[in-house]
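**Q** sequence and predicted structure are below.
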Amino acid sequence: GTATIEDRITTTGTLRASEVVTLDVLMNGRLEINEGPAGRLYAEGDVVHKGDEIARVVGEDVRLAARMAAARTHYDAARTELDASRKLFDRKLIPETELQNKEDAFEPARLELDKARHTENRNLLITPIDGVILKLARDTQGQLMANGQLVNPGQLVAQIAPLDVLIADVDLVGKDIALARVGLEARARYQAWDDREFKGKVLRLAPVVD
């Protein structure tokens, strides 16, 4: 018969996510954590999906909303005039110079709207990946920040990581070092889950021995 031969090593180590995404504050304002699907404010440990708005920074909402509305109105008017001019030009009812003038007027309106959208989006903190919230904004005493508290540019609002793939950093000593090679399949068990195996492979061996 045949059987799989394996070496079993008892050791210590730590688990970490393969990547961590950090959502930071870009503009001064007041923090507002959003509600998740559970009908309560997002909390550490919650599962989130790509595109979810975790929080926003408010404080200039009225000014930003007015700017966006004005930019949209200007854009819509310039777009309508340009479309009408193109139809007239196709029917040879206006000269090419008049069409060019409308095109020249439309471009600044488009750029103005894009800029207004960009400014508005800077206040939204949206996760670019599926994952779990590892950490939410905390104050200098380590307490979770409440909605309405002031935040500054660069301040961490959320850390999100995918937990479907984890990396185990394990300590090997003595003869166990010689048993591991990059690419070998591996199975990990932890005493808290005696009946569960975590399958993977050896990704990297540290180049130095501690």
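**A** Thanks, I have the structure now. Source: prediction; values computed, not measured.
**Q** quick one: low-confidence parts of the protein?
**A** 1, 60-66, 117-122, 192, 210 (pLDDT under 70).
**Q** in it, which spans are strands?
**A** For the chain, applying DSSP state E gives strands covering 13-17, 21-24, 29-33, 47-48, 53-58, 124-126, 131-136, 150-151, 156-161, 166-170, 185-190, 193-201.
**Q** among those, which comes closest to residue 100?
**A** strand 124-126 (37.2 Å; CB to CB). No exception for glycine: its C-beta is placed from N, CA and C like everyone else's.
**Q** about what we covered before: can I get the strands of the chain in JSON lines with mean neighbour count?
**A** Formatted as JSON lines, the strands of the chain follow (neighbours: other CB atoms under 10 Å):
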{"stretch": "strand 13-17", "mean neighbour count": "13"}
{"stretch": "strand 21-24", "mean neighbour count": "15"}
{"stretch": "strand 29-33", "mean neighbour count": "18"}
{"stretch": "strand 47-48", "mean neighbour count": "17"}
{"stretch": "strand 53-58", "mean neighbour count": "19"}
{"stretch": "strand 124-126", "mean neighbour count": "17"}
{"stretch": "strand 131-136", "mean neighbour count": "19"}
{"stretch": "strand 150-151", "mean neighbour count": "18"}
{"stretch": "strand 156-161", "mean neighbour count": "20"}
{"stretch": "strand 166-170", "mean neighbour count": "14"}
{"stretch": "strand 185-190", "mean neighbour count": "13"}
{"stretch": "strand 193-201", "mean neighbour count": "10"}
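**Q** select, out of these, the one closest to residue 74.
**A** strand 124-126 (22.8 Å).
**Q** contacts for that closest one?
**A** Strand 124-126 has contacts (CB atoms under 8 Å, 6 or more residues apart in numbering) with 23, 25, 51-57, 157-158.
**Q** list the buried residues in the helix of greatest length in the chain.
**A** Secondary structure assigned by DSSP state H gives helix 61-90 as the longest helix of the chain. Within helix 61-90, the residues that count as buried by 16 or more other CB atoms under 10 Å are 64, 67, 71, 74-75, 78, 82, 85, 89.
**Q** for that helix, packing partners?
**A** On a contact count with 3 or more CB pairs under 8 Å, 6 or more residues apart in numbering; DSSP states H and E, helix 61-90 meets helix 96-121.
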